[in-house]
Structures are given as C-alpha cells and as structure tokens.
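Q: model this:
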Amino acid sequence: MFSKIAINNVKRSFRDYSIYFLTLTLAVCIFYSFNSIESQDAIKEWMKKDADLLLTLNKLMAGTSVFVSFVLGGLIIYANKILIKKRKKELGIYMTLGMSKGKISKILIFETLLIGMLSLIAGIILGIILSQGLSILVANIMLINVDEYQFVISLSAIVKSIVYFGIIYLLVMMFNQFTISKYKLIDMLNASKKNEEVKLKNRFVSLIIFIVAVGLLGTAYARILETGLDAEDSDLLIMVLMGVIGTLLFFFSLSSFFIQVVQSYKKIYLKDINIFIVRQINNKINTNFLSMTLICLMLFLTITLLFAAFDLKGTMDRQSAGNKAFDASAFLIVDEENKEPKVNDVEEYLKDINFKFESYEKHSFYSEYKLNLTIEDLLSKYLSRQEKIDLQEGYLDGPISAMKISDYNSIIQLKGEKAIDLKENEILVVSNYDQVNNALPEYIENEDIIHIEDNAYTIKNKTPIKENIKTKGSGEFFILIIPDNFNGDLQLEFTSFNVVYDKKYYEESEEKFSKLFNELLEDKYRDINPSLVIGKTKEQVLARENGTAALIVFLGLFLGLIFIITSAAVMALQQLSDASDSVERYNSLKKIGVTEKLINNAILKQSLIYFMVPLSLAVVHSIVGITAVSKYFTFHYQGIVISSLLLAIIYGAYFYATYVGVKNIVKNSN
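A: Here you go, the predicted structure:
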C-alpha cells in the first residue's frame, strides 16, 4: 500500500520533483564520468609511462569524490527539506485521516527510493555517454593518439556511484524521519499561512550595513590586486575573511537598499505590477541571504576554477616555449668533494656504463659553471620590490650560471643555427626569467656593462635570448654566455649533453634514451660510477607536463560542474518553494484583473533578478581574483568562452526550468 501511494505521489507531483530529479541525474552522471576516466584503455596505457601520475590521479579522485559526496549529500538533504516543506499541508491531511508519523515516514522512504533509483539509473546511462567525450578531451590534452580510443563502461565507477549515492540516500531517509517526527499537526495544516520573517526592517541600518559591506569588499579587492598571491599567509587570511564577511553583509542589507533605490524611480516603481515584484524580491533576498552568500561564493569558485582549468594547458605551453628544442638532454651534477675527472664529466660517465651514440644521433657535450656574481649584485637597483620578493627564494642571492661561447655554439649548431662570434670583452644573456628580463632593458640602457670580479663585459644582445639550452619542463633560467678565455673564478656545476634524433630512427632513439634515463633514475649504474646523472627526453617532459595539466583541468571541471549544479539547484528549489507559498498572492492579482501576461512577466523578472544577483557579485569577485593571479596564468579568449558557455548553459537551463515551473504552479493554482 505504501509503495502504491508513493508511486502515485511521485506521478502526481512530477513537476515538483522534476528539478530534483534533474539535479540527481546530472550529479550521478558527472560523478560516474569523472570516476571512470582511469578505465579508458588509451589513458591507462599512457599512464604506464608515469606511474607516479597514475598514483596521484587515483589519490586525487578518491579525495575529490569524498568531498563531492559531502557537497551533493548536503544538496540532496536541503532539497528534501524544501520538498517536505511544500507538502506540509498534504502530510497534515494524512495525519488527520489517522495515519501515524511512522507510516508517513515509510511513504517518504519509498518516494526517496523511487526517485533515487530512477535518477541513479538515468545518471549512470547518461554518464556512460558523457564519459566517452570526457575521455577524448583528456586524451587530447595529454596528446594521446585518439585512434587508441575505445568505448568503455567502467564497472568500478558504476559500483562507486551506487555505493556513494546509496549512502547519501540512506542519510536522506534518516533525515526525513527526523524531520517528520518534529512536526505538529497544526503547523502542517497552517504551513501555507505563515509569513516569512524579515531579518532587517530598519532602512537606515540597512544602508549603513550596505556601505560597510561595500567598504570591506573594496578593501579586500584593493589589497589582493596589490599583493596577489605573494602576500603573507596572515594577510591572505584577512583578505579572504574580509571578502566572505563583506559578501554576507552585502546580501543581508541588499533587499532594503534595493527597494529604496527602486522606490526613488517612481516611473519604474509604479509601472504595471512592479510594486508587487519589488516586494517579492525584497522578501526572498532578505530571508535567504545566507544561502545567497554561499551560492555567490560557490559560483566565484566555479568561475575561477573553470577559467584556470581551461587556460592551464596553454599557460604551461607558453611558459615552457623554447624549453624542448632537443629530443633528449641530461646533466651530471658535479661533486666538488670528489676531484676525479671521470666522476665530474658526463662524457666519461657514459663511457663507464658503455653507452654509445649512434651516427644518426647528433649530440653535443657542454659544461655549466657558477660565477662569483649574483642577480642581486647585478640588478638590485633596477628590480622592483615585488620582483625582489618573487626572486627571493634562493635565486636573488644565488650565483649566476655561465657557459663558454664554444659550448653554447655547439648547442645552437645542433639546432641548425649559425655560430655566434663573441669578443673577449662581450657576453650574451640567455634568459626567460620575466622578473630579470623586465629589469635588464633599463640596466642595459643605463650601464650596458656587467662587472665580473675585476673585468668589465659589454652585453652583446640588447634583449635576452629566451630559448633554453636543454630539454626541460616549464621553469625559469638565466645564463650568461662568456668568452672561452674568461679570466675569473668559475666553479663547475654541471656537465651535460643534448641530442637531436634523425626522423627516420626517431622511435628507436626515443626508446633507447628513455630506457637510459629510467635506469639512471633507478640508480642501476651506481656500482660502476656513483655520480648523479639526470636526464629527460622531450616525450617524457611532454608526458609529465600534459599529464599534470590534464589532472588539473580534470579536477577543475569536476568541481566546477558540481558547484554550478549545486548553486543553480538551490536557487531553483528556493524559487519553486516560494512560488508554492505565494500562490494566494498571485490569485489575488488575478481577482483584481491583472492579466496572465503581466503575471508571467512578473515571474520572469523575479526569477531573473533572483538568479542574477549572486551571479553578478560572483563575476565581480572572479574578475578581481583572476586579475590577481594573472601573473601566473595568461587568460585567453578560448578558455573564457568555453567556461562562460558551460556556466551559461547549466545555470541558464536551471533558470528557464525554474521560470516554467513557477509559471505552471501559479497557472494551476486555481
């Protein structure tokens, strides 16, 4: 009997459950899609190149899934609370007919199970479809050949989805029973007659609070724009707290401030039924200011996450431009305590382990030195305070690296470039370090000479050469190219080699050097020669960089989509609940002759303003936040367009569904 009542209730109240069902389905879909990525054969094969990255992926997905489960659990419990609130009168009638609270709880349990099972099945089916596109997206970021792609259904992701959401539904059932046990019959029957409690009635106080809120936000914005992420931890915490408190006070005072502003424009306020619309919005924002604060902050995180995630790959590529001119590179870290030549020379080291270059593997050996000179000695007068802060971690006062011109020419000739002539009193600057490069033009203009010990050297190039001398991941480098007969103190730091493969034998050479570098990483030749040699092929560097980028894009998308759905669902459920409470007001409008067109227009305006208020402030937060981290990310229109489209589609779909839902509730209220 209880199951029959529950099924009939779900059928009858399908419009009430539609957004709830849609939210659950999307949540399961996204949860399955992101947990199934490790089952894609092409990605598993690629991950074998980097076992650490696979382990990192598994740990991150496990931790993120637990966090997302808490978020979705809170959303589902909140949605159930809203739905029960809407049905108080119906549940009160059940009680007047003699049904006990225990039996009512059983009906709700069956309803929750039914909706849960339907959304779980629909979500997994939709997730299986969506996960294929997600796999291709991640494969493209990782530069995996999509020819290796196969349609995959992940059993582990299905089981994980069922277990996680099963636990959530169990908690929801327990919450429903607890909620029903607290209700009294008189409260249920009169639920629709209760008015919302207005939190802030005094307009003057609301104006003062609004000004304080704007002041807090403005101060937080100014400080974060000035310091960025380089501020001390305590300062960052203060800025975050100011932003959160400012946002809370903004929404707490907004409704009263909003109504005062609109009332000052009589032509707008007195037009059509705008008085009714303004009063409705005033009540909703005032009573839901806390949830609007949380939604605004979640949307802020969503926008920032999506922007950063989509632009990260391009940012990493731009930062590492010129760092992969060679197919493979390796360097031996010189041991100052051991003076044996063979230990400190990578060429001798390769002979010791019986490694040989083939005739089709063009290569060059070179040495890197430390100078008795620091960046602080060289550019202190021309570095800004912020640039000094950025350079402080061991780089500002660390010795500058140097290389002899003959070695440098052997490197660039390997790439097919012409050798550079360097006089005895000249040096070249090779650098991609932005902080250093910003100061160099002014230094060159004013001084044009670098003093190293007792000698003066003219800088040959007016702008730094930004291409690196070895294959490496993204990172900064600053090297001075000195004459071969340099007269000064040089401390040997690395002995290195670069390799360029012949295209005909690319795969053979890549396999050969990848094997060598993996063996070096495992200390296979320690007994033969204990020197520390580190090497990477270009493919290995790309695999690590693209894998890292894919992980961050992956998690950014996962969290971003969950936050959008959660925020939009809460907004939608609040609007639908408020519409049910306000049907008598709309019926009163109908009785005094207000047309259906005007009422629908009022519903559209209310829904639009209610959805746009937290989004608008979140956009302002995001613009400030993105500007503050722009030194770390170079945001381009592609990432902005994709992120904006995702946000607009999901948030817009919930807005439209809410508008249609509220309109139907009002239309059918008679």
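Q: give me the sheet partners of the lengthiest strand in the chain and which way each runs.
A: The longest strand of the chain (DSSP state E) is strand 362-374. Note on strand 362-374: by DSSP bridges, its sheet partners are strand 399-404 (antiparallel), strand 490-500 (antiparallel).
Q: what mean pLDDT does the last one get?
A: The reference is to strand 490-500. Average pLDDT, strand 490-500: 90.
Q: residues of it that come out buried?
A: For strand 490-500, the neighbour count (16 or more other Cβ atoms under 10 Å) marks 490, 493-500 as buried. The way it works is simple: take the backbone N, C-alpha and C, and place the C-beta from them, glycine included.
Q: and the strands in this protein?
A: 328-333, 362-374, 399-404, 426-431, 449-452, 455-459, 478-482, 490-500, 532-537.
Q: the last one - contacts with which helices or strands?
A: The contact analysis (3 or more Cβ pairs under 8 Å, 6 or more residues apart in numbering; DSSP states H and E) places strand 532-537 against strand 328-333, helix 506-521.
Q: deepest of those, which one?
A: Using mean count of other Cβ atoms under 10 Å, the stretch among those with the largest mean neighbour count is strand 328-333, at a mean of 23.
Q: so which elements touch it?
A: If you count contacts as 3+ Cβ pairs under 8 Å, 6+ apart, strand 328-333 packs onto helix 346-352, strand 490-500, helix 506-521, strand 532-537.
Q: switch the cut-off to 7 Å
A: With contacts defined as 3 or more Cβ pairs under 7 Å, 6 or more residues apart in numbering; DSSP states H and E, the packing partners of strand 328-333 are helix 346-352, strand 490-500, strand 532-537.
Q: mind putting these into a markdown table with distance to residue 449?
A: Listed next are the helices and strands packed on strand 328-333 as a markdown table, based on distance: least, Cβ to Cβ, whole Å:
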| stretch | distance to residue 449 |
| --- | --- |
| helix 346-352 | 34 |
| strand 490-500 | 20 |
| strand 532-537 | 35 |
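Q: just tell me which of those ends up closest to residue 27.
A: Across the helices and strands packed on strand 328-333, residue 27 has its closest neighbour in strand 532-537 (40.7 Å, Cβ to Cβ).
Q: go ahead and name everything in contact with that closest one.
A: By Cβ atoms under 7 Å, 6 or more residues apart in numbering, the surrounding residues in contact with strand 532-537 are 327-333, 346, 349, 471-472, 510, 513-514, 516-517, 520.
Q: quick one on the thing from earlier: any idea of the mean pLDDT in the longest strand of the chain?
A: 89.
Q: ok so, going back, could you work out which of the strands paired with strand 362-374 reaches nearest to residue 418?
A: strand 490-500 (16.2 Å).
Q: and that closest one, how far out from the chain's middle?
A: Chain-centre distance of strand 490-500: 38 Å, with Cα atoms, centre = their mean, to the nearest Å.
Q: hmm, who's touching it?
A: 326-334, 344-346, 361-370, 401-402, 411, 414, 470, 513.
Q: buried ones among those?
A: Neighbour-count burial (16+ other Cβ under 10 Å) is assigned, among these, to 326-332, 334, 344-346, 361-364, 366-370, 401-402, 411, 414, 470, 513.
Q: domains of this structure?
A: Domain ranges of the chain: 1-194, 328-539, per automatic domain parsing.
Q: worst average pLDDT in those?
A: Across the domains of the chain, domain 1-194 gives the lowest mean pLDDT, at a mean of 70.
Q: report the separation between residue 630 and residue 308.
A: 11 Å (Cβ to Cβ, to the nearest Å).
Q: of the two, give the one with the bigger neighbour count.
A: Higher neighbour count among residue 630 and residue 308: residue 308, with 22 against 12, using other Cβ atoms under 10 Å.
Q: distance of the residue nearest in space to the middle of the chain relative to residue 533?
A: Central residue of the chain (Cα atoms, centre = their mean): residue 305, 2.7 Å from the mean position. Counting by Cβ to Cβ, the gap from residue 305 to residue 533 is 39 Å.
Q: ok, now residue 309?
A: Applying Cβ to Cβ, the value for residue 309 to residue 533 is 36 Å.
Q: residue 23 now?
A: From residue 23 to residue 533 the distance is 55 Å (Cβ to Cβ).
Q: show me which residues of stretch 113-125 are buried.
A: The neighbour-count check on stretch 113-125 (16+ other Cβ under 10 Å) flags 114-116, 119-120, 122-124 as buried.
Q: I misspoke; the intended subject was stretch 415-427.
A: Applying 16+ other Cβ under 10 Å to stretch 415-427 flags 420, 422, 426-427 as buried.
Q: give me the distance from that stretch to the chain's centre.
A: 44 Å.
Q: also stretch 617-625?
A: With Cα atoms, centre = their mean, you get 15 Å for stretch 617-625.
Q: now do stretch 67-80
A: Relative to the centre of its chain, stretch 67-80 is centred 21 Å away, using Cα atoms, centre = their mean.
Q: pull the CA atoms of that stretch into PDB?
A: Extracted in PDB, the C-alpha atoms of stretch 67-80 (Å, rounded to 0.1, in the frame of the first residue of the first chain):
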ATOM      1  CA  PHE A  67      34.400  15.900  -0.900                       C
ATOM      2  CA  VAL A  68      31.900  16.000  -3.800                       C
ATOM      3  CA  SER A  69      29.800  13.400  -1.900                       C
ATOM      4  CA  PHE A  70      29.500  15.700   1.100                       C
ATOM      5  CA  VAL A  71      28.500  18.600  -1.200                       C
ATOM      6  CA  LEU A  72      25.900  16.500  -3.000                       C
ATOM      7  CA  GLY A  73      24.700  15.000   0.300                       C
ATOM      8  CA  GLY A  74      24.100  18.500   1.700                       C
ATOM      9  CA  LEU A  75      22.300  19.500  -1.500                       C
ATOM     10  CA  ILE A  76      20.000  16.400  -1.500                       C
ATOM     11  CA  ILE A  77      19.200  16.800   2.200                       C
ATOM     12  CA  TYR A  78      18.400  20.500   1.500                       C
ATOM     13  CA  ALA A  79      16.200  19.600  -1.500                       C
ATOM     14  CA  ASN A  80      14.300  17.100   0.500                       C
END
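Q: contacts for it next, please.
A: Stretch 67-80 has contacts (Cβ under 7 Å, 6+ apart) with 20, 23-24, 27, 31, 164, 168, 171-172, 175-176, 562, 566, 569-570, 573.
Q: distance to residue 265 added to the helices and strands packed on strand 532-537, as a markdown table?
A: Shown next, in a markdown table, are those (distance: least, Cβ to Cβ, whole Å):
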| stretch | distance to residue 265 |
| --- | --- |
| strand 328-333 | 68 |
| helix 506-521 | 70 |
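Q: could you list every residue that touches the residue nearest to residue 160 when sequence neighbours are not counted?
A: The shortest distance from residue 160 to any non-neighbouring residue, by Cβ to Cβ, 6 or more residues apart in numbering, is to residue 35 (5.3 Å). By Cβ under 7 Å, 6+ apart, the contact set of residue 35 is 61, 65, 157, 160.
Q: just residue 281 next, same as before
A: Taking Cβ under 7 Å, 6+ apart as the contact definition, residue 281 lies against 606, 609-610.
Q: my guess is residue 334 contacts residue 346. True?
A: No. Using Cβ atoms under 7 Å, residue 334 is not in contact with residue 346, being 9.7 Å away.
Q: for the strands of the chain, give me a markdown table that also has distance to residue 281.
A: Below are those laid out as a markdown table (distance: least, Cβ to Cβ, whole Å):
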| stretch | distance to residue 281 |
| --- | --- |
| strand 328-333 | 63 |
| strand 362-374 | 61 |
| strand 399-404 | 63 |
| strand 426-431 | 56 |
| strand 449-452 | 66 |
| strand 455-459 | 64 |
| strand 478-482 | 57 |
| strand 490-500 | 66 |
| strand 532-537 | 59 |
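Q: residue 547 is nearest to which of the ones you listed?
A: Of all the strands of the chain, strand 532-537 sits nearest to residue 547, with 13.6 Å by Cβ to Cβ.
Q: that closest one versus helix 506-521: what angle between them?
A: Angle, strand 532-537 to helix 506-521, by axes from the mean of the first three to the mean of the last three Cα atoms, to 10 degrees: 150 degrees.
Q: I'd like the numbering to begin with 209 instead of 1 from here.
A: Okay, using 209 as the starting number, the last item reads as strand 740-745.
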